[in-house]
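Chemist: below is the sequence, then the predicted model.
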Amino acid sequence: MKNYCTLLVLFLCLSLSIMAQTNGIQIARLKYNGGGDWYANKTSLPNLIRFCKQQLKVKLADEEAVVDVGSPDLFHYPLIHLTGHGNIVFSKEEAQNLRNYLKAGGFLHADDNYGLNTYFRREMKKVFPELDWIELPYNHPIYHQHFDFKNGLPKVHEHDGKPSQGFGLFLNGRLICFYSYECDLGNGWEDADVYNDPEPVRTKALQMGSNILEYVFTH
């Protein structure tokens with residue numbers, strides 16, 4: 001298993017090198033089974049990519065990819081984004097594939113679009129049954145990249161009126177998954193006319209999204 005994971009790390013690094021030399025590194029949206037709307041927030045990632053290219057001057061592909069959770073293509077992407085409102089189901093093979101990807105150096109950002117929480121936490125226990133979610137303190141580096149968020153995640157949509165929270169899964173001290181809860185970053189990344197959010201709210205959401213991407217690329 002150790003040799004297998006080493007090969008996956010090498011494959012991920014090679015894929016990223018090829019991407020960087022061509023059209024730029026590509027971010028992927030995670031497609032999952034279970035009936036939940038994995039395709040929610042259709043304009044969110046294109047807007048985030050555009051913002052990051054402008055603000056961070058990183059070489060990113062203009063378009064997002066879509067990758068199935070059980071696909072070997074998962075290892076082509078340094079950052080995968082998961083969102084939705086409803087049910088998620090990972091098969092045993094899909095859970096193992098996602099586990100291998102994250103162990104090999106990949107990163108998952110999950111954004112609760114309201115109604116995702118119960119299902120996402122349940123399925124991630126299939127992926128890493130030995131790990132527990134840890135709420136990240138406000139001084140965690142993910143909140144202090146290009147943009148500074150002294151009070152953690154910005155609040156985009158109210159939902160249940162709860163405070164926004166950022167949770168993480170850590171493997172051998174490395175943050176492998178960041179989960180934005182009661183925040184709805186993806187809604188804030190959407191085109192302005194989708195939710196008519198105030199521009200300062202959208203800007204904060206995009207800034208936090210760029211922090212996530214920058215953290216992934218530098219840690």
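Modeler: Perfect, I can see it now.
Chemist: for the spatially most central residue of the chain, list each beta-bridge partner.
Modeler: What sits nearest the mean C-alpha location of the chain, by Cα atoms, centre = their mean, is His109, with 1.8 Å. His109 forms beta bridges with His81, Phe178, as assigned by DSSP bridges.
Chemist: can you pull the contacts of it?
Modeler: Contacts for His109 (Cβ atoms under 8 Å, 6 or more residues apart in numbering) come out as 79-82, 177-180, 212. From N, CA and C alone the C-beta is placed, and that goes for glycine too.
Chemist: pLDDT weak spots in the protein?
Modeler: 1-22 (pLDDT under 70).
Chemist: what about the strands in it?
Modeler: 28-31, 65-68, 79-84, 107-112, 134-135, 165-171, 174-181 (DSSP state E).
Chemist: strands paired with the fifth one, and their directions?
Modeler: Here the strand partners of strand 134-135, with direction, are listed using DSSP bridges: strand 165-171 (antiparallel).
Chemist: buried residues in the partner strand?
Modeler: Across strand 165-171, burial judged by 16 or more other Cβ atoms under 10 Å covers 165-169.
Chemist: just stretch 38-50 next, same as before
Modeler: Buried residues in stretch 38-50 (16+ other Cβ under 10 Å): 38, 40-41, 44-49.
Chemist: and those as TSV, adding distance to Ile25?
Modeler: Compiled in TSV, those are given as follows (distance: Cβ to Cβ, whole Å):
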residue	distance to Ile25
Trp38	21
Ala40	23
Asn41	21
Ser44	18
Leu45	13
Pro46	15
Asn47	17
Leu48	13
Ile49	10
